[in-house]
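Kindly return the folded structure for what I paste below:
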Amino acid sequence: MSARQRMETVKGAVLALLADAYQQRDRVGIIAFRGLKAEVLLQPTRSVELAEKQLQRLPTGGRTPLAHALALTYETIRRITLNEPDQSILLIVLSDGKANVSLPESVLTEYGSAPWTQTEQMASQLSSLALPT
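Numbers count the residues shown, from 1 in each chain. Sure, this is the predicted structure:
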């Protein structure tokens, strides 16, 4: 199965999750990561239509800035939990797992320069939020 076919399969699975989110009136956000950086494509919203639209245009292929995606995820979840401490959060990370891009200089602080080390540190920071699993 080609990378494009795998991504289409993943998108199909996520669309099923979106349908469930709609029924539960959950909010959904999308952070995409590819190339040299990650970006928030959709802030958490109850609009499944917007989420589906962003998912359909989600880019695939290229390098994997996984550490940056986890850093943006941390900031997004932290902001939500500060404003709504009782809000349940479900995080789903879809990646090839090949963390091969270092954090951008704007994010880089005390983290090492190796992409995988940065990814582990960002994952650790994310786990410090102590979200229910």
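
host element of the closest residue to Leu91 other than its chain neighbours?
In this structure, Leu91 finds its nearest non-sequential neighbour in Thr73, 6.6 Å apart by C-beta to C-beta, 6 or more residues apart in numbering. No exception for glycine: its C-beta is placed from N, CA and C like everyone else's. For Thr73, the host element (DSSP states H and E) is helix 66-83.

Gln23 now?
Assigned by DSSP H and E, Gln23 falls within helix 3-24.

now what about that helix, what contacts it?
1, 26-28, 48, 51-52, 55-56, 58, 60-61, 92, 94 (C-beta atoms under 8 Å, 6 or more residues apart in numbering).

right, and Asp26 touches Ser47 too?
No: between Asp26 and Ser47 there is no contact under C-beta atoms under 8 Å: 11.3 Å.

Ile30: neighbouring residues, count only.
When neighbours are counted by other C-beta atoms under 10 Å, Ile30 registers 19.

Would you double-check that it falls in a strand?
Yes: the assignment for Ile30 is a strand, going by DSSP: H, G, I helix; E, B strand; the rest coil.

Alright, I will stop here.
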